[in-house]
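Novice: sequence plus the predicted model coming up.
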Amino acid sequence: QVQLVESGGGLVQPGGSLRLSCTASGSAGSINVMGWYHQRPGNQRELVATIRSNDGRTVYGGSVKGRFTISRDNAENTVYLQMNSLKPEDTAVYYCNYNALSYNYASIANYWGQGTQVTVSS
């Protein structure tokens, strides 16, 4: 069982920056992918960015490329999302995700955090 604790959300002006953190307690799978998804009101949850534990491979959603950077500290089971040049359309609830994989990359379990609100407004 994996539990995820998120922090770092808040209110920021357009053009500003925020850093989100997510720490996993427990572990699952031989490999894991940790990352962030966001959900705007009335919309489905969408990919922001993910990073894999064994090789650091990253995937970014199209709307955040070049502005957001995901990183992780495997020793601390923590993933970070540095968000720069924030726009009002980045306003959403941001959810941390932990996807446990087998050694051959098959998904075996999926966990979500409670979500943290990010609001970009002047």
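Specialist: Noted; the coordinates are in hand.
Novice: what's the helix or strand for the most centrally placed residue in the chain?
Specialist: In the chain, the residue lying closest to the centroid (C-alpha atoms, centre = their mean) is Trp36, at 1.9 Å. Assigning secondary structure by DSSP states H and E places Trp36 in strand 31-39.
Novice: which elements pack onto that strand?
Specialist: Applying 3 or more C-beta pairs under 8 Å, 6 or more residues apart in numbering; DSSP states H and E, we find strand 31-39 packed against strand 18-25, strand 46-52, strand 68-73, strand 78-83, strand 92-101. All C-beta atoms are positioned from the backbone trio N, CA, C, and that covers glycine.
Novice: quick check: angle from whichever helix or strand comes after the last one to strand 92-101?
Specialist: Toward the C-terminal end, the helix or strand that comes next after strand 92-101 (DSSP H and E) is strand 107-112. Angular relation of strand 107-112 and strand 92-101 on a 0 to 180 degree scale: 150 degrees, by axes from the mean of the first three to the mean of the last three C-alpha atoms, to 10 degrees.
Novice: quick one: buried residues of strand 107-112?
Specialist: Residues of strand 107-112 classed as buried: Tyr111 (neighbour count, 16 or more other C-beta atoms under 10 Å).
Novice: any idea how far it is from the chain center?
Specialist: Computed by C-alpha atoms, centre = their mean, to the nearest Å, the chain-centroid distance of strand 107-112 equals 14 Å.
Novice: cool, and stretch 75-90?
Specialist: Here the centre of stretch 75-90 is set off from its chain's centre by 7 Å, with C-alpha atoms, centre = their mean.
Novice: again with stretch 70-81
Specialist: The chain centroid and the centroid of stretch 70-81 are separated by 10 Å under C-alpha atoms, centre = their mean.
Novice: do the same with stretch 12-29
Specialist: 6 Å.
Novice: with only the CA atoms kept, save that stretch in CSV.
Specialist: Extracted as CSV, the C-alpha positions of stretch 12-29 are listed here (Å, rounded to 0.1, in the frame of the first residue of the first chain):
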residue,chain,number,x,y,z
VAL,A,12,0.2,32.9,-7.5
GLN,A,13,0.1,35.7,-10.0
PRO,A,14,0.4,35.1,-13.8
GLY,A,15,4.1,34.7,-14.7
GLY,A,16,4.9,33.5,-11.2
SER,A,17,6.3,30.2,-10.0
LEU,A,18,5.3,27.4,-7.6
ARG,A,19,6.9,24.1,-6.6
LEU,A,20,4.8,21.1,-5.7
SER,A,21,6.1,18.2,-3.7
CYS,A,22,4.7,14.7,-3.2
THR,A,23,6.2,12.1,-0.8
ALA,A,24,5.2,8.4,-1.0
SER,A,25,5.1,6.3,2.1
GLY,A,26,5.6,2.7,1.3
SER,A,27,6.4,1.3,-2.0
ALA,A,28,5.1,-1.1,-4.6
GLY,A,29,6.3,-2.7,-7.8
